[in-house]
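Participant: Below: sequence and its predicted model.
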Amino acid sequence: MEITWYGLSCFRISERGRITVITDPFSDSIGIPTPKLKGEIVTISHDVPGHNFVEAVKTDPHVLNGPGEYEIGGVFATGIAMHNVETMQRNVAYLFDFDGVTVLHLGDLSHVPQQSEVEALGEVNVLLIPVGGGNSLRAELAAEVVTLIEPYFVVPMHYEQPGLKIQLDSVDKFLKAMGVSNPQELDTLKITAADTPEQPQVVVLKPQV
C-alpha cells in the first residue's frame, strides 16, 4: 500500500490491483495549489471548503460523504460519525480495509472519542490524524487519541503549511507531545500487512504537488 499526502487532510491511498481512494480534496481557495488527482473513491469528512472539492479528482469517482458501510472494487470503507456534540461540529471518519491493511482517516475530529467507539474500530494499521488545532484536534489531544487507538503508523495532517490561509499550529507541537524528536520524513508511506512495529511509528509526509 502507498499513502501520499497533498496537504491539509487530502491523501491518496492506493494498492496495486485495487482501486485508489482520495480523502478530503481541496481547492486553491485555502492558499495552496489544488492537486491533480485520480481515484475511484472520494471521501468527504465534512462539507466545508478545504475538505469537499470533489472537482479536484479528474475521474468519475464514487463520493462518500456520510456514515455507512461500502464495498467498492474490493476495498471496504466504513464511514463513522464522530461529531462533536458540544460544538455541534459534524465530522465523518473513514476506515478503509485493503486486504487486511486498515487505514483510519479521522477527518476534522475535534474531540477525544469514547473508549467504546475506539474499540469498535478494531486494529488500525495506519492512523491519519489532524494535529494542528483550529477546528480540529490540537497537539495534546491528538497524542491522547493516538494512545487510545494504538495504531502501527501515525501520519499527522491538518497542520501549518507555507501559503495555507487557515491558521493552524506547526507539526512540531504534535511531535513534542508524542515525545518524537526524529520522525521519519517520507514522500510516500509504503507498508504491507507484515509491517507491525511494537510502538506506533510517527511518519511525517512531505506534501506532494
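Facilitator: Noted; the coordinates are in hand.
Participant: How much space separates E71 from L141?
Facilitator: Look at E71 and L141: by CB to CB, to the nearest Å, they are 32 Å apart. (Each C-beta comes from the backbone N, C-alpha and C, glycine too.)
Participant: Those two: who's more crowded?
Facilitator: When E71 and L141 are compared for neighbours, L141 comes out ahead with 20 against 10, by other CB atoms under 10 Å.
Participant: Please report the confidence value the model assigns to the more buried one.
Facilitator: pLDDT, the model's per-residue confidence, is 97 for L141.
Participant: any idea of the mean pLDDT for stretch 126-133?
Facilitator: Model confidence over stretch 126-133 averages 97 on the pLDDT scale.
Participant: And that stretch, what's buried?
Facilitator: By neighbour count, with 16 or more other CB atoms under 10 Å as the criterion, the buried positions of stretch 126-133 are 126-133.
Participant: With distance to I3 as new columns, can the residues you listed be given to me in a markdown table?
Facilitator: Formatted as a markdown table, those follow (distance: CB to CB, whole Å):
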| residue | distance to I3 |
| --- | --- |
| V126 | 6 |
| L127 | 11 |
| L128 | 8 |
| I129 | 13 |
| P130 | 16 |
| V131 | 16 |
| G132 | 19 |
| G133 | 23 |
